[in-house]
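**Q** coordinates only, sequence not included:
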């Protein structure tokens, strides 16, 4: 019985290796992402701080991704927006999230 289960599990693992990526819909993403595009992708009112942040980091997205919460606080960004920026920056660094070409429409 155990041998049959192991054989079945091995077959599933091998079949799963050939499975396509789990993308149900093609989503257009930004080709080049800057600070403004990143903040627009986050949405939820964070884009209101785009000029302040772009000026502080010099328009360099890599510096925004390395920014800590204390620096954002000194720039006068509210706690909720700081949390969103830092959360999406972490997801972007890991490759789990990218800003969309067109912002989502909130209904």
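**A** Nice, I can see it. Keep in mind the model is a prediction, meaning the values are calculated, not measured.
**Q** CA only for contacts and neighbour counts going forward, please
**A** Noted.
**Q** Residue 75 versus residue 85, what's the distance?
**A** Counting by C-alpha to C-alpha, to the nearest Å, the separation of residue 85 from residue 75 is 13 Å.
**Q** So between these two, which is more surrounded?
**A** residue 85 (24 against 13; other C-alpha atoms under 10 Å).
**Q** I figured that one hits residue 42, correct?
**A** Yes - assessed by C-alpha atoms under 8 Å, residue 85 is found in contact with residue 42 at 7.3 Å.
**Q** And for residue 58, the neighbour number?
**A** So residue 58, with other C-alpha under 10 Å, has 12 neighbours.
**Q** Same question for the one 4 residues further on.
**A** Applying other C-alpha under 10 Å, we find 13 other residues in the vicinity of residue 62.
**Q** Likewise for residue 74?
**A** With other C-alpha under 10 Å as criterion, residue 74 counts 9.
**Q** swap in residue 59?
**A** 16.
**Q** Which secondary structure state is assigned to it?
**A** coil (DSSP: H, G, I helix; E, B strand; the rest coil).
**Q** who are the neighbours in contact with it?
**A** When contacts are counted by C-alpha atoms under 8 Å, 6 or more residues apart in numbering, residue 59 touches 34-35, 53.
**Q** Among these, which one has the most neighbours?
**A** residue 35 (23 neighbours).
**Q** Hmm, that one is touching residue 54, no?
**A** Yes - counting by C-alpha under 8 Å, residue 54 is a contact partner of residue 35 at 6.1 Å.
**Q** Can you pull the residues that touch both of those two?
**A** residue 60.
**Q** hmm, back to that, mind giving me CSV with the contacts of residue 59 and columns for distance to residue 67?
**A** Listed next are these as CSV, based on distance: C-alpha to C-alpha, whole Å:
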residue, distance to residue 67
34, 15
35, 12
53, 10
